[in-house]
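# Sequence plus predicted model, see below.
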Amino acid sequence: MNLYAGLKRRAAQDQPIRVGVIGAGKFASMFFAQAIRTPGLHITVVADLAPKRARAALRRAGWRAEDLRARSASGAWRSRQTWVTDDVDALTTCDEVDVVVDATGDAVAGAAHATAAIAAGKHVVMVNVEADVLVGPALAARAASAGCVYSLAYGDQPALIAEQVDWARAAGFDVVAAGKGTKYLPHYHQVTPDDVWTHYGLSAAEAAAGGMNAKMFNSFLDGSKSAIEMAAVANACDLSVPEGGLAFPPCGVDDLASVMQPHCDGGQLERRGQVEVVSSLERDGRAVYRDLRWGVYVTFAADSDYVRRCFHEYGLPTDASGNVASLYKPSHLIGLELGISVASAALRGEATGSAQAWNGDVVSVAKRDLAAGEQLDGEGGYCVYGRLQPVEASLQRGALPLGLSDGAMLKRAVKAGQVVRQRDVTLPGQSLALDLRAEMARNHRRRAR
């Protein structure tokens, strides 16, 4: 509860936290809007493949033309200006950047950006959950060795869930389950960018006018984003993942304590201490009463007669036994809240969630029958969706991580519903990501032994 005080001190000392942002999409734009309103924080560099688009995003968020510069970050924070460039390497090594934010959404590129930033002694806030799930444990280990912070992004659901889990454990509770809500029906796994907008009540023309990316929105619908985010939570909070992938049980906020516990206790989970996503739709398509579509939750256990009595006395929503209670947050504000992670890293040297284990992986599953010679198009595309799996199952199967699927060429046919294996494809040049994955696999096997 002292981040704002720390930011005000930095402002009074004229020593703001200097931030470099890679990628100027929606998440970053929301951060831009709040950064100019936050004392003690200044964005010195923004790097994007399309600098013109980045400047437009900054202007929409409140930057004036005179706030932007075309070349060099030298003295940018003293003049309160922001350098806009397409040179990511210049950003990650810039002396006037303390914290690097990767908001690209590209897993392979994010791995490279974070590795370079850590090597240059920068803290990293990884908005790019795809990169975190692909190689986060390796990046977190490198950051720790370098004395840097590697962090999930506050405002995005994984960091908010990690905060709730940390609260429960620090208060002495055993975490039964943790996760988020989403809109889900089983057939959504086969949805492609061609028909995604019908599920959002939009026409393709309306979506295009709003600058909405079909693949990105489809990744939320087809289950890939949920798998990615729950893998990040499982790894950051050392929670288990379901053997058969996420089940997406329909559940409203009033029933979290009853539904989000193990089968043996009357709930819908495989075991205690697991991640899971709840659906805002019943399986017949009806809306769930008081759904949690935009929010996050944790369920936790009393495991004591005295604590059960306290739950009752203070009106906590519990299951019928009174032993399991729930806490939820109904919304998240993504980039508008990102400054919490930046301030926490720079002022406290603490992450708002960071990989502590490697429990969950996201594997590529064929949406339809795929033929040899086809090129996969990654997350939210036409070919595959992401399924959450325990790491042991992913490694034993030799599964193709979803984060490596974009651009992979199939060497053999894969039937609809089958997991694509790494030996089924030829990968484009992704040597750094593959090296980091190999490092994680070696460490995992060593710990298992």
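Perfect, thanks for sending it.
# Hmm, Val124 is touching Ala112, no?
No: the pair Val124 / Ala112 is not scored as a contact, 11.9 Å apart, by Cβ atoms under 8 Å. Bear in mind the C-beta positions are built from the backbone N, C-alpha and C, glycine included.
# neighbour count winner among those two?
Shown here are Val124 and Ala112; by other Cβ atoms under 10 Å, Val124 has more neighbours (30 against 21).
# And Ala50, how far from Gly335?
18 Å (Cβ to Cβ, to the nearest Å).
# So, low pLDDT: which residues of this structure?
The chain contains residues with pLDDT under 70 at 72-73, 75-78, 210-211.
# Kindly list the longest strand within this structure.
strand 174-182 (DSSP state E).
# Output the contacting helices and strands for that one.
Using 3 or more Cβ pairs under 8 Å, 6 or more residues apart in numbering; DSSP states H and E as the contact criterion, the elements in contact with strand 174-182 are helix 157-170, helix 224-237, strand 274-279, strand 296-301.
# Check which residues of that strand are buried.
For strand 174-182, a neighbour-count test (16 or more other Cβ atoms under 10 Å) marks 175-182 as buried.
# Point to the residue nearest the middle of this structure.
Val129 (3.4 Å; Cα atoms, centre = their mean).
# so who does that one touch?
152-153, 156, 158, 228-229, 232 (Cβ atoms under 8 Å, 6 or more residues apart in numbering).
# rewinding a little: just the C-alphas of the helix or strand just after the longest strand of the chain, formatted as CSV.
The element immediately downstream of strand 174-182 (helix or strand, assigned by DSSP states H and E) is helix 196-199. Only the C-alpha atoms of helix 196-199 are listed here, as CSV (Å, rounded to 0.1, in the frame of the first residue of the first chain):
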residue,chain,number,x,y,z
VAL,A,196,-15.7,-15.4,-35.1
TRP,A,197,-17.7,-12.1,-35.3
THR,A,198,-21.1,-13.8,-35.3
HIS,A,199,-20.3,-15.0,-31.7
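# could you say what helices and strands helix 196-199 packs with?
Counting by 3+ Cβ pairs under 8 Å, 6+ apart, helix 196-199 packs on helix 204-209, helix 214-221.
# Show me what that helix is in contact with.
Under Cβ under 8 Å, 6+ apart, the answer for helix 196-199 is 183, 188, 191, 203-204, 206-207, 214, 217-218, 221.
# Next, the buried residues of that helix.
196-197, 199.
# can you tell me which of the residues you listed lies nearest to Glu374?
Val196 (20.3 Å; Cβ to Cβ).
# Next one: that closest one relative to Val129, how far apart?
20 Å.
# likewise Ala205?
30 Å.
# and what of Gln356?
On the measure of Cβ to Cβ, Gln356 and Val129 end up 16 Å apart.
# circling back to that earlier point, just the helices and strands packed on strand 174-182: most buried one?
helix 224-237 (a mean of 28; mean count of other Cβ atoms under 10 Å).
# can you give me how far the next helix-or-strand element following that one is from the chain middle?
Following helix 224-237 in sequence order, the next helix or strand is helix 256-259 (DSSP H and E). A distance of 24 Å separates the centroid of the chain from that of helix 256-259, by Cα atoms, centre = their mean, to the nearest Å.
# next one: stretch 299-313
32 Å.
# got the CA positions of that stretch in PDB?
Taking Å, rounded to 0.1, in the frame of the first residue of the first chain, the C-alpha atoms of stretch 299-313 are listed here in PDB:
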ATOM      1  CA  THR A 299     -11.600 -20.600  -3.600                       C
ATOM      2  CA  PHE A 300      -9.900 -21.500  -0.300                       C
ATOM      3  CA  ALA A 301     -10.500 -23.900   2.600                       C
ATOM      4  CA  ALA A 302     -11.100 -23.300   6.400                       C
ATOM      5  CA  ASP A 303     -10.100 -26.900   7.400                       C
ATOM      6  CA  SER A 304     -10.900 -26.000  11.000                       C
ATOM      7  CA  ASP A 305     -14.100 -25.800  13.000                       C
ATOM      8  CA  TYR A 306     -13.100 -22.400  14.400                       C
ATOM      9  CA  VAL A 307     -12.400 -20.900  11.000                       C
ATOM     10  CA  ARG A 308     -15.600 -22.400   9.500                       C
ATOM     11  CA  ARG A 309     -17.400 -20.600  12.300                       C
ATOM     12  CA  CYS A 310     -15.600 -17.400  11.400                       C
ATOM     13  CA  PHE A 311     -16.600 -17.800   7.800                       C
ATOM     14  CA  HIS A 312     -20.200 -18.000   8.900                       C
ATOM     15  CA  GLU A 313     -20.000 -15.100  11.300                       C
END
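# burial of Gln34, as a residue count?
Gln34: 18 neighbours (other Cβ under 10 Å).
# ok, it touching Leu336?
Yes: at 5.4 Å, Gln34 counts as touching Leu336 under the criterion of Cβ under 8 Å.
# just to revisit the earlier point, Arg423: which of the contacts of Val129 is nearest?
The closest of the contacts of Val129 to Arg423 turns out to be Ile228 (Cβ to Cβ; 23.0 Å).
# can you pull the contacts of Met69?
Wrong residue type there; residue 69 is Arg, not Met. Taking Cβ under 8 Å, 6+ apart as the test, what Arg69 contacts is 76, 81-84.
# typo on my end, it should be Gly179
161, 230, 233, 260, 275-278, 296-297.
# quick one, phi psi at Asp291?
phi -70, psi 170 (degrees, to the nearest 10).
# what's the burial count for it?
21.
# Please name the nearest non-neighbouring residue to it.
Closest residue to Asp291 apart from its sequence neighbours, by Cβ to Cβ, 6 or more residues apart in numbering: Ser280 at 3.6 Å.
# Any chance of the backbone angles for that neighbour?
Per degrees, to the nearest 10, the backbone of Ser280 is at phi -90, psi 0.
# And for Val84?
Taking degrees, to the nearest 10 as the convention, Val84 sits at phi -110, psi 130.
# Could you tell me how many residues sit around it?
Val84, neighbours per other Cβ under 10 Å, totals 23.
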